[in-house]
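In: Sharing a model prediction with you, sequence too.
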Amino acid sequence: MDIKKNVEIIARKRDGRLERIIDILDKKGINHSVFTYDRGKNIEISFKGEIDKDIIFFAHHDISSHTDEGANDNTSSVAALIELAESLAQRKPLYNIKIVFTDNEEALGGLLNGSENLDRLTKIISAVGSFNYLKNVSDKSKIVTIFNLELCGIGDSIMIAEYSGRVKSADRSVIFIENIAKLYNYKYIKTSVTNSDMLSAHVMGIPGILIGIIPFSEAQYYNRSEENIKDMPSVWKNIHSNRDNITAIQERSLVMMYKFLDRVVDNLDKL
């Protein structure tokens, strides 16, 4: 399993990240498509299921302008999904699986600096890769749920985000992920995170949930209160800075997320 090696390959420098992801997929023989829109590029990996309904896995491949490597945010999630794609190539899932590496998610950080009025939201979200991907899905009614991955490289617990910004995760998806964690004895914690590609799902009226990895000891005291920022997990404080680097990534966390995702796919009949 070369999951951490792939984080190192993708994150080693800012320029050429997309090309390095494509190169990894090519070397692994994983079929993929690249979709260009006016502000960026998305990569899609698609697997045909037994039932013609869609499960979408998102992980943004862009990184903050304030970091050189963006190893945890969000290269770790890309690497976990590459590993999942390699596994899916060996079997037929229950539903169609779409793994999508999206561009320009970091633009959503602009919503933290002002009121989320319609004009501002429209301007920002039109640049975001997940929004551009979803708006071009011909039959959105086929989408069962979106699993949006963030921050999968540091920690010992599955992070189940009940909220991303003001967007509430779908109850059905939260219950499903919690049940999978219980079924396989994963430590997990339910919390809230800031804006993410879940906003695109919300705007399009598509159910979804954000999941990741987090240190349980840091997350258990955190809540949604703005005044509680001092209790924010340090792994969140370190993103969008050069502290978000390859040396901080824990291989055990990456492997935990990959194996958890594999079990998610194996248990889609429970969703």
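Out: Here it is on my side, so go on. Numbers count the residues shown, from 1 in each chain.
In: By mean pLDDT, flag the weakest helix or strand of this structure.
Out: helix 118-125 (a mean of 77; mean pLDDT, DSSP states H and E).
In: Quick check: buried residues in it?
Out: Across helix 118-125, burial judged by 16 or more other C-beta atoms under 10 Å covers 121, 124, 125. In this view, the C-beta of every residue, glycine as well, is placed from N, C-alpha and C.
In: what's the longest strand along the chain packed up against?
Out: Assignment by DSSP state E gives strand 51-60 as the longest strand of the chain. Here strand 51-60 touches helix 76-88, strand 95-102, helix 129-135, strand 143-149, going by 3 or more C-beta pairs under 8 Å, 6 or more residues apart in numbering; DSSP states H and E.
In: For this protein, just list every one of the strands.
Out: 33-37, 40-47, 51-60, 95-102, 143-149, 157-164, 167-168, 188-193, 208-214.
In: now the ones you listed in CSV, with mean pLDDT?
Out: Formatted as CSV, those follow (pLDDT from 0 to 100):
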stretch, mean pLDDT
strand 33-37, 97
strand 40-47, 98
strand 51-60, 98
strand 95-102, 98
strand 143-149, 98
strand 157-164, 96
strand 167-168, 94
strand 188-193, 93
strand 208-214, 98
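In: Most tightly packed of these?
Out: Across those, averaging neighbours per residue (mean count of other C-beta atoms under 10 Å) puts strand 208-214 on top, at a mean of 28.
In: helices or strands up against that one?
Out: For strand 208-214, the packing partners by 3+ C-beta pairs under 8 Å, 6+ apart come out as strand 143-149, strand 157-164, helix 171-183, strand 188-193, helix 198-203, helix 251-266.
In: among the ones you listed, which is nearest residue 2?
Out: helix 251-266 (10.2 Å; C-beta to C-beta).
In: average model confidence for the closest one?
Out: The average pLDDT for helix 251-266 rounds to 98.
In: which residues sit against that helix?
Out: For helix 251-266, the surrounding residues in contact (C-beta atoms under 8 Å, 6 or more residues apart in numbering) are 1, 3-4, 7, 55, 57, 76-77, 79-81, 83-84, 87-88, 93-94, 97, 147, 149, 152-156, 158, 177, 180-181, 183-184, 186, 212-213.
In: Buried only: go through these for me.
Out: 3-4, 7, 55, 57, 76-77, 79-81, 83-84, 88, 93-94, 97, 147, 149, 152-155, 158, 177, 180-181, 186, 212-213.
In: for the helices and strands packed on strand 51-60, which one sits closest to residue 233?
Out: Nearest to residue 233, of these and by C-beta to C-beta, is helix 76-88 at 14.7 Å.
In: sorry, back to before: just put the helices and strands packed on strand 208-214 in CSV and tack on distance to residue 36.
Out: CSV is the format used below for the helices and strands packed on strand 208-214 (distance: least, C-beta to C-beta, whole Å):
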stretch, distance to residue 36
strand 143-149, 22
strand 157-164, 26
helix 171-183, 30
strand 188-193, 29
helix 198-203, 17
helix 251-266, 27
